[in-house]
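Chemist: build me a model:
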Amino acid sequence: MKISILMNAYNAEATITSALKSLLRQRDSTRFEIVVVDDGSVDRTREVVAALAATAPEIRLIAAPRGGIPKARNAALRAMAPDAELVSFLDADDLSPPGRFARDVAVFRTDPAIELVYSRIRFFDHEDPETLAPSATSRWIDARVIQLGAGVYRRALLDRVGLFDEEFISADDTDFLLRVFEQQPNYVLSDEVAVFYRRNHGSITDRHRQVRQEFMKALLRRSKRQAQLGGLALPLGLFTGDHMAEVRSWTK
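Modeler: Coordinates of the predicted model:
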């Protein structure tokens with residue numbers, strides 16, 4: 001089975017090499033492509049990705065003018081190879097644990113009815129550049145939260161969901177995942193860690209007021225759809241905020 005791993009990037013030259021290498025180390029687990037959309041970076045992100053792509057044909061770089069996260073994600077969705085059956089995501093400042101895709105793809109091979117495997121993520125603050133994982137001195141916390149990279153999705157499921165809503169600034173992932181589960185997919189919740197999520201101060205998750213406003217916008221749209229769906233409820237305990245206050249308290 002072939003999987004498309006979609007990555008949007010903006011001024012990510014400091015972290016994107018690690019992100020891409022953490023994916024490439026899994027190239028023997030299944031056939032995959034990595035679609036990187038550079039969202040108008042003004043640093044060396046494009047040059048860094050192009051250099052890696054010269055030695056790794058799995059990487060495809062799409063250079064786009066600055067348009068924002070949801071527009072970049074939609075560009076990646078549209079650029080997927082036609083023979084890709086599965087889809088996942090990785091942010092340009094995060095890491096993919098070794099063996100993650102071998103484990104998740106095996107679930108789809110075992111049961112053709114499964115449309116989604118949704119796992120946990122590990123927040124961390126310091127990387128070991130040798131292992132492309134949290135360092136021995138890093139703080140870390142595991143949680144099941146709203147995070148696109150926590151899922152591996154059948155492409156047919158995402159075709160039903162549609163594109164990311166480009167009116168969002170920072171909660172397009174929340175809106176998208178809510179719409180995913182509104183499709184009532186046949187899914188598996190895994191307790192394995194699917195993403196090493198780098199806790200970066202100054203990242204979009206640190207802009208608390210904007211994040212809250214965008215999150216509430218996603219919930220409002222969800223409530224309006226819910227009325228049309230006859231009160232369809234999300235599975236209990238799917239997304240939790242466990243330990244998020246502690247993660248936000250981390251400092252460099």
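
Chemist: look up how far V107 lies from the residue nearest to R73 when sequence neighbours are not counted.
Modeler: Sequence neighbours aside, F164 is the residue nearest to R73 in space, at 4.8 Å (criterion: CB to CB, 6 or more residues apart in numbering). Using the backbone N, CA and C atoms, a C-beta is placed for each residue, glycine as well. Using CB to CB, to the nearest Å, F164 is found at 25 Å from V107.

Chemist: give the buried residues for the helix or strand harbouring L77.
Modeler: Following DSSP states H and E, one finds L77 within helix 69-78. By 16 or more other CB atoms under 10 Å, the buried positions in helix 69-78 come out as 69-77.

Chemist: my read: T45 touches A12, true?
Modeler: Yes - using CB atoms under 8 Å, T45 makes contact with A12 at a distance of 5.0 Å.

Chemist: between those two, what contacts are shared?
Modeler: A92 (CB atoms under 8 Å, 6 or more residues apart in numbering).

Chemist: hmm, back to that, could you count how many residues lie near the residue nearest to R73?
Modeler: 24 (other CB atoms under 10 Å).

Chemist: cool, and the one 4 residues further on?
Modeler: Each residue near F168 was counted by other CB under 10 Å, and the total is 20.

Chemist: what pLDDT does the model give it?
Modeler: According to the prediction, F168 has pLDDT 91.

Chemist: surely it meets L220?
Modeler: No - between F168 and L220 there is no contact, the gap being 11.9 Å when judged by CB under 8 Å.

Chemist: which other residues reach the helix holding L77?
Modeler: Helix 69-78 is contacted by residues 6-10, 35-37, 39, 62, 64, 87, 89, 158, 163-170, 172, 204 when judged by CB under 8 Å, 6+ apart.
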